[in-house]
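J.: Sequence and predicted structure are below.
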Amino acid sequence: AGLGVRVSKGSGPLLDLGGVAIDAIAVHTYGEATADGEFGGGVELQLDGFAFSPAAGGGDNGVANGIMNDAGEAGAANRPSFDPALSIQIHPGESGPRIGLRAGDPPGPWWLIIQRQLGPLYIDRVGLDTVESGGRVTRISLLFDGSISMFGLAAAVEQLSLNWNGGDVLSIESWSVDLMGLAVSADLSGVYLAGGLLKTVDPPPGSGTGGPTTISYVGMLMGRFGVYGLSVFGGYTDDDGSPSFFVFGALNGPIGGPPAFFLTGIGGGLGINRGLRTPTDFARFDEYPFIKALDPSTGPSDDPMAELRDLNAYFPAESGNFWFAAGISFTSFALIDGIAVVSVSFGTGLEINIFGLARLALPRPEVALVSIELGLLVRFSTTDGLFLMQAQLTDNSWLLYEEVRLTGGFALAMWWKGELAGQFVVSLGGYHPDFHRPGYPVVPRLGLEWRISDEIVVKGGSYFALTSEAVMAGVDVEVSANWGWAWVRVAFGAHTIV
């Protein structure tokens, strides 16, 4: 038999002590008896919505007070909170109690989202994790994700943990420190260095999901000095005795060639038991690992740890799949900067990809009046039954100044497998507003967006598309202003579909 009581308020926290708030307090008890006359029972105390938001201190340190104010003034919905619970149970026939500790619904770890900048220190989140065995807590971990940045140097850590591994709390042998990831970058007067290593475990220790454990490592090293650069990234995964590996490296510098095609970089790599995911967001096309490694203009990363996580997403472990890739960067008449990468993937099927990025700034990059940056993706896949050619202007395309942004894209796609088998599409600028087909490439309007101010925006676009079932064309022009308390929008256009 069991009994539970939960005390809370209809709105707002049950207890609000300034920097500490608790939404509700719950107590659960139970008791049991066996036919042999043995008894057992337990009790659990749970604090729902336990939040910590420090208020400003009363000292003379203005910086510290500002930090405390920043955290304390967050709204209740934005305050970091979790649900810690402590339980003690004694089962019939057992000599000792079972003690459980958690901070939310299992499995852990349980994270408290902080996202606060404390001077040079940025705290992303802190967490708690526990491991139980035989009804007892055998490991408690305090976790930390964050970064520090000062004087051109930046370092980020992933799951820096202080662990109690059971035993005497006062014994140093009962404690350990672990680190799942470390990334460092430095921008020192023309010299840029970045590197890092990230370890992931799936499923996480103590998750209770069972099954084999997969341990993965990804790492990167990047250096730039003037026009010279070196980039290397790779990863290794042990998936229940089935290893997988990938690596890609690039060297940047004035290699040579005619003015129409002057090589500035060369690179290549391969993957064994690894997949290869193509980028889908052209706005971030220059962040794709192949492109970034070959790009001579690559600068310091704001978040090197995020780049390491992206490597796992772009090149996941995939048994039986292999790929290799090669690429170059070049200039043409010192006006166009280009990057081209070809990759071939085979295993469950054959996939050929071509990635490209081209930049043009006139009259020259230092005093540009026109900036054009175009991303290109060509994909042939026997697995998906697809041939796709897609190009799109990135957010770095503008006229006169960056507030007059140029937009537009092109797509050619043909399918011979799946739900879209037998269909094709050619689009320049998108589709008719009433034409929607899941799986068709997304193409932005050919036009421009002029942001005159934060309140006033002028934009226009046009399109033409030919598909297996229709032909369409159209144009749109829109002028809008929004001052919060008042707004106005004028739009006109013409669209046709046959």
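T.: Perfect, thanks for sending it.

J.: The closest residue to residue 124 other than its chain neighbours: what's it in contact with?
T.: Leaving aside its chain neighbours, residue 124 sits nearest to residue 145 (4.3 Å; criterion: C-beta to C-beta, 6 or more residues apart in numbering). Bear in mind the C-beta positions are built from the backbone N, C-alpha and C, glycine included. Residue 145 is in contact with 123, 124, 125, 126, 127, 157, 158, 159, 160, counting by C-beta atoms under 8 Å, 6 or more residues apart in numbering.

J.: again, only using 6 Å
T.: 124, 125, 158 (C-beta atoms under 6 Å, 6 or more residues apart in numbering).

J.: In strands, which of those residues fall?
T.: The strands, defined by DSSP state E, take in 124, 125, 158 from those.

J.: Now tabulate the contacts of residue 145 in TSV and tack on distance to residue 316, neighbour count and pLDDT.
T.: Shown next, in TSV, are the contacts of residue 145 (distance: C-beta to C-beta, whole Å; neighbours: other C-beta atoms under 10 Å; pLDDT from 0 to 100):
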residue	distance to residue 316	neighbour count	pLDDT
124	24	18	85
125	24	16	84
158	18	23	86
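
J.: Surely residue 179 forms part of a strand?
T.: Yes. Membership of residue 179 in a strand is supported by DSSP: H, G, I helix; E, B strand; the rest coil.

J.: how many neighbours does it have?
T.: Per other C-beta atoms under 10 Å, the neighbour tally for residue 179 reads 14.

J.: That one bridge partners, please.
T.: Assessed by DSSP bridges, residue 179 has beta-bridge partners residue 160.

J.: What strand or helix carries residue 290?
T.: helix 289-294 (DSSP states H and E).

J.: can you list the residues that contact that helix?
T.: Residues contacting helix 289-294 (C-beta under 6 Å, 6+ apart): 231, 233, 250, 265, 267, 298, 327, 329, 339, 341, 355, 357.

J.: got the residues you listed as TSV, with secondary structure, neighbour count and pLDDT columns?
T.: Putting the contacts of helix 289-294 into TSV (DSSP: H, G, I helix; E, B strand; the rest coil; neighbours: other C-beta atoms under 10 Å; pLDDT from 0 to 100) gives the following:
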residue	secondary structure	neighbour count	pLDDT
231	strand	24	92
233	strand	27	93
250	strand	29	95
265	strand	22	94
267	strand	22	95
298	coil	20	79
327	strand	23	95
329	strand	26	95
339	strand	30	95
341	strand	25	95
355	strand	23	93
357	strand	24	93
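
J.: so can I have CSV of the residues you listed showing distance to residue 305?
T.: Shown next, in CSV, are the contacts of helix 289-294 (distance: C-beta to C-beta, whole Å):
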residue, distance to residue 305
231, 17
233, 14
250, 21
265, 25
267, 23
298, 17
327, 25
329, 26
339, 25
341, 24
355, 24
357, 24
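
J.: circling back to that earlier point, show me what secondary structure element comes after the helix holding residue 290.
T.: Next along the chain after helix 289-294, taking DSSP H and E as the criterion, comes helix 304-314.

J.: contacts for that next one?
T.: By C-beta under 6 Å, 6+ apart, helix 304-314 touches 156, 158, 183, 185, 194, 196, 198, 218, 235, 277, 301.

J.: Run the chain-centre distance for that helix.
T.: 7 Å (C-alpha atoms, centre = their mean, to the nearest Å).

J.: where does the protein have low pLDDT?
T.: 18-19, 52-81, 135, 203-212, 300, 302 (pLDDT under 70).

J.: Spit out the contact partners of residue 250.
T.: 231, 265, 267, 293, 294.
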